[in-house]
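Chemist: Got a predicted structure here, sequence first:
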Amino acid sequence: MNYNIIKAAVCAILCCAIIACEKDVKPEPINPDELRVLTIAELKDFNEGELTAKVTIPAVVMSKSEVLGTTMFTIQDGYESRDGILINHKSTHSYQAGDNILIDIDGCQLSKDDSFCTITIPNDKSVTKSNSTTAPYGAVIIDNTRLQSGNFQSMYVGLSGYEVIEEQISESVGKTLKFINKDSDTIRVITPSTASFAGEIVPELSGTIKGIALYQDGEYVIAPQNISDFAQLTEKRFKVEGDNQAILVWSGGPSLDSFVSEASTNEAEGAISLDADGTQPANCFVVDKPGTYSFYAKNPLGEYPAGIPEDTQIYIDVQEVGGNTVVGYVDPVSKKILWTWHIWTSTVSLEDMSLTRKTTATDNDQTVTRSIVMLDRLLGAVNTTPGTVGPHGLYYQWGRKDPIIGVGVIGQFSSTEDESETEIGGAATASSSINKTYVEDWYFDDGDEETKTHQGASAYPTRYISNNSNNPSADDITWAAVANPCPYGYHIPNSDESKAIWGVNASLNYGGMELVYHADGTTEGMDTETHLGFVLKDLDIWFPNNGNRARKAGRMLNLGRQHHYWCNYLNASGASGYAARIRSNQINPGAAINRGNACNIRCVKDYKEE
């Protein structure tokens with residue numbers, strides 16, 4: 001009997017145990033079928049109203065409570081779907097960026113405002129926080145167009161190529177900021193003044209701005225979550241007008257393109273600096289190989305001309321050498337040229353075209369030995385072969401830095417000094433591509449509309465650097481350094497330097513020079529007009545009979561008959577500049593020529609004490 005009682009008791013205990021186990025054991029979670037919501041993207045497709053799907057959404061909190069407040073936060077789901085949504089918690093929460101959570105959407109409210117979605121959570125029971133915290137997903141880099149599509153709402157994004165507007169450079173982060181890109185697209189960047197980093201000053205540079213993409217007052221805004229969201233604003237500021245401020249004023253010869261750096265992303269990779277990082281500014285740069293080059297938009301004094309922002313760089317793409325181009329920087333509002341630079345694409349480097357000339361001359365009954373470093377060709381010359389017709393250099397008015405294209409054929413036509421024209425050759429061959437949108441105020445001229453040859457009969461095709469009349473000013477006694485047309489380290493020769501080139505004294509119309517044309521040094525059959533120029537003995541340099549371009553109607557004077565290059569001084573009235581003039585077997589190292597006429601230039605190297 002006792003045995004039966006014990007047996008019955010054991011069976012009862014076991015039955016109770018079994019019953020108890022059956023009550024405590026829960027079924028394993030069943031994977032939801034395809035109709036159930038698994039991702040934020042699928043959730044957004046639901047109709048507005050109360051949600052009844054009995055599933056949980058795993059996500060990571062992307063925002064800080066100090067930025068969005070204690071009742072709002074954003075979440076983003078896994079890398080695969082990479083979507084985000086705004087959460088309205090309805091009560092104070094303690095969730096921070098990086099918290100892993102599960103949201104039970106059953107009983108939550110889904111609202112949409114122009115497809116901008118928000119989940120309102122009724123109570124804390126709807127959210128389960130994991131003990132683990134991970135770094136929020138990295139920002140998705142997008143552009144303004146993709147942002148406005150609404151596909152990145154409540155997500156952590158980065159907008160590249162933006163900078164704060166000029167007026168807010170010194171503002172603090174803790175206020176509404178206006179950022180802009182080079183296409184003038186704007187975005188509001190909003191940080192509450194209560195954020196711990198609100199007192200930081202907004203970076204004044206350009207780059208990538210990061211934060212949560214939110215929909216506010218009918219537009220998408222960016223809400224940075226910490227100061228590191230501004231950390232990638234490290235590039236140079238850019239112009240936001242949209243237009244490229246660097247333009248080609250004119251081009252004569254092989255193709256050359258230019259553009260100005262608007263942001264670091266526009267900088268040409270591997271570009272070669274022409275001015276040693278801004279330490280060798282000039283109005284003229286020599287390029288002897290195809291490639292991409294850059295220079296700071298400074299004048300020869302190392303200053304940025306009025307209207308050109310500091311650190312502006314101009315980039316040029318030289319596709320072929322053997323020509324000349326003038327690049328200009330244009331004011332974005334007035335569209336007027338603020339400064340120009342001459343790009344001389346030569347087949348020879350500046351160093352290789354520089355040579356030392358040593359001469360002996362008699363000045364005031366004393367023998368003087370002179371030494372000078374000069375270029376073996378005229379400024380802008382493409383051709384230096386003796387006896388050939390051209391082009392052999394650009395033309396300049398006295399005191400002006402901007403070159404004028406002459407003619408392609410030296411023997412094309414000639415005239416006497418009274419400016420009556422005598423045609424001695426065929427059709428003109430010199431031509432150039434002129435940017436007529438900008439040349440009017442800068443006083444370039446393309447000549448006759450039919451020939452487009454730059455030596456047509458248009459009235460007063462060029463004017464003075466400092467006044468618009470045909471009457472020169474006597475104020476500038478020497479060629480201003482800021483208007484120096486030569487490359488860095490070179491200048492227009494003064495009187496002594498001009499005489500040093502020729503080895504002559506101070507007397508005018510010095511005769512008896514031994515000119516040679518033939519390579520062997522003989523003068524048999526030598527005729528400077530027939531051969532269109534000459535070579536000076538012991539100086540293997542071609543001096544073409546380039547003449548000069550008249551201030552009236554743009555005619556070429558003495559082309560094929562005389563050689564001219566400017567010197568760096570004026571006569572007493574200031575109406576005429578002095579030029580070395582060579583004709584037949586005579587040289588005048590200082591002949592007065594109206595400064596409105598255009599002559600060639602032979603640059604000499606700056607003298608340095610050793």
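Modeler: Nice, thanks for sending it over.
Chemist: can I see the domain layout of this protein?
Modeler: Per the record's domain assignment (automatic domain parsing), the chain is made up of the domains 40-133, 140-230, 246-345, 369-431+439-605.
Chemist: and the second one, how far apart are its ends?
Modeler: Looking back up the chat, that one is domain 140-230. The separation between the terminal residues of domain 140-230, taken as CA to CA, to the nearest Å, is 15 Å.
Chemist: which stretch among the domains of the chain comes nearest residue 359?
Modeler: Across the domains of the chain, residue 359 has its closest neighbour in domain 369-431+439-605 (3.3 Å, CB to CB). Bear in mind the C-beta positions are built from the backbone N, C-alpha and C, glycine included.
Chemist: which residues does the closest residue to residue 570 other than its chain neighbours contact?
Modeler: In space, not counting the residues next to it along the chain, residue 570 is nearest to residue 577; the distance is 5.4 Å by CB to CB, 6 or more residues apart in numbering. The contact partners of residue 577, by CB atoms under 8 Å, 6 or more residues apart in numbering, come to 398, 399, 566, 567, 569, 570, 571, 592, 593, 595.
Chemist: And the closest residue to the last one other than its chain neighbours, how close does it get to residue 600?
Modeler: Right, the one you point to is residue 595. On the basis of CB to CB, 6+ apart, the spatially nearest residue to residue 595 that is not a chain neighbour turns out to be residue 398, at 3.5 Å. Using CB to CB, to the nearest Å, residue 398 is found at 12 Å from residue 600.
Chemist: which neighbours do those two share?
Modeler: When contacts are counted by CB under 8 Å, 6+ apart, residue 398 and residue 600 are jointly contacted by residue 566.
Chemist: Can you give me the neighbour number for residue 291?
Modeler: Neighbour count for residue 291, taken as other CB atoms under 10 Å: 15.
Chemist: Ok, the one 5 residues further on next?
Modeler: A count of nearby residues for residue 296, using other CB under 10 Å, gives 21.
Chemist: Pretty sure residue 568 is one of the things the residue nearest to residue 595 touches, is it not?
Modeler: No. Contact criterion CB atoms under 8 Å: residue 398 and residue 568 do not qualify, at 9.1 Å.
Chemist: Compare these two and say which is more crowded by neighbours.
Modeler: Between residue 398 and residue 568, counted using other CB under 10 Å, residue 398 has the larger neighbour count: 28 against 21.
Chemist: wait, what's in contact with that one?
Modeler: Under the criterion of CB under 8 Å, 6+ apart, the contact partners of residue 398 comprise 472, 479, 566, 570, 576, 577, 593, 595, 596, 599.
Chemist: Contacts only, for the second one.
Modeler: What it means is residue 479. By CB under 8 Å, 6+ apart, the contact list for residue 479 reads 398, 399, 491, 492, 566, 568.
Chemist: rewinding a little: is the residue nearest to residue 570 bridged to anything, and to what?
Modeler: Legend: beta-bridge partners of residue 577 under DSSP bridges are residue 570, residue 593.
Chemist: Which of the contacts of residue 479 sits closest to residue 307?
Modeler: Comparing the contacts of residue 479 against residue 307 with CB to CB places residue 399 closest, at 22.3 Å.
Chemist: Just give me the neighbour total for that closest one.
Modeler: Residue 399 is surrounded by 25 other residues when neighbours are defined as other CB under 10 Å.
Chemist: Can you tell me the element it falls in?
Modeler: Using DSSP states H and E, residue 399 sits in no helix or strand.
Chemist: roughly how far apart are it and residue 333?
Modeler: Distance, residue 399 to residue 333, using CB to CB: 29 Å.
Chemist: Could I get the contacting residues of residue 380?
Modeler: With contacts taken as CB under 8 Å, 6+ apart, residue 380 has the following neighbours: 324, 342, 344, 393, 394, 403.
Chemist: mind checking how far it is from residue 185?
Modeler: In this structure, residue 380 lies at 42 Å from residue 185, with CB to CB as the measure.
Chemist: now residue 499
Modeler: Relative to residue 185, residue 499 is positioned 62 Å away (criterion: CB to CB).
Chemist: So between the two, which is more surrounded?
Modeler: Of the pair residue 499 and residue 185, residue 499 is the one with more neighbours under other CB under 10 Å, namely 25 against 17.
Chemist: returning to what we had before: highest neighbour count among the contacts of residue 398?
Modeler: Within the contacts of residue 398, residue 566 tops the neighbour count with 29 neighbours, counted by other CB under 10 Å.
Chemist: which ones are touching it?
Modeler: The contact partners of residue 566, taken as CB under 8 Å, 6+ apart, are 396, 398, 479, 492, 577, 578, 579, 599, 600, 601.
Chemist: if we go to 7 Å?
Modeler: Neighbour list for residue 566: 396, 398, 492, 577, 579, 599, 601 [criterion: CB atoms under 7 Å, 6 or more residues apart in numbering].
Chemist: what's the burial count for residue 256?
Modeler: The burial count for residue 256: 23, using other CB under 10 Å.
Chemist: err, residue 196, not the other one
Modeler: By other CB under 10 Å, neighbour count at residue 196 equals 12.
Chemist: Phi, psi for the closest residue in space to it that isn't next to it in sequence please.
Modeler: Nearest non-adjacent residue to residue 196, counting by CB to CB, 6+ apart: residue 66, 6.2 Å away. According to degrees, to the nearest 10, the main-chain angles of residue 66 amount to phi -70, psi -10.
Chemist: What pLDDT is listed against residue 66?
Modeler: Per-residue confidence at residue 66 stands at 86 (pLDDT).
Chemist: how many neighbours does it have?
Modeler: Using other CB under 10 Å as the criterion, residue 66 is surrounded by 17 other residues.
Chemist: Now for it: which residues touch it?
Modeler: Under the criterion of CB under 7 Å, 6+ apart, the neighbours of residue 66 are 194, 195, 196.
Chemist: Now, the residues you listed that are in strands?
Modeler: Cross-referencing those against strands under DSSP state E gives no overlap.
Chemist: now, among the contacts of residue 398, which is nearest to residue 372?
Modeler: Within the contacts of residue 398, the smallest distance to residue 372 is 16.0 Å, found for residue 566 (CB to CB).
Chemist: Check the gap between the closest residue to residue 576 other than its chain neighbours and residue 401 for me.
Modeler: On the basis of CB to CB, 6+ apart, the spatially nearest residue to residue 576 that is not a chain neighbour turns out to be residue 592, at 4.1 Å. Between residue 592 and residue 401 the distance is 22 Å, computed by CB to CB.
Chemist: In terms of neighbours, single out the busier of these two.
Modeler: Shown here are residue 592 and residue 401; by other CB under 10 Å, residue 401 has more neighbours (23 against 15).
Chemist: so that one sits right up against residue 282, yeah?
Modeler: No. With contact defined as CB atoms under 7 Å, residue 401 does not reach residue 282; the gap is 9.8 Å.
Chemist: Now do the helices in the stretch 1-150 of the chain.
Modeler: Listed in chain order, the helices of the stretch 1-150 of the chain (DSSP state H, counting those that start in this stretch) span 2-24, 40-44, 65-68, 144-148.
Chemist: What of the stretch 251-400 of the chain?
Modeler: Under DSSP H, counting those that start in this stretch, the stretch 251-400 of the chain gives no helices.
Chemist: Distance to residue 114 and pLDDT added to the contacts of residue 577, as a markdown table?
Modeler: Listed next are those as a markdown table, based on distance: CB to CB, whole Å; pLDDT from 0 to 100:
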| residue | distance to residue 114 | pLDDT |
| --- | --- | --- |
| 398 | 67 | 87 |
| 399 | 64 | 84 |
| 566 | 69 | 95 |
| 567 | 73 | 93 |
| 569 | 73 | 89 |
| 570 | 72 | 87 |
| 571 | 76 | 84 |
| 592 | 77 | 90 |
| 593 | 73 | 90 |
| 595 | 68 | 83 |
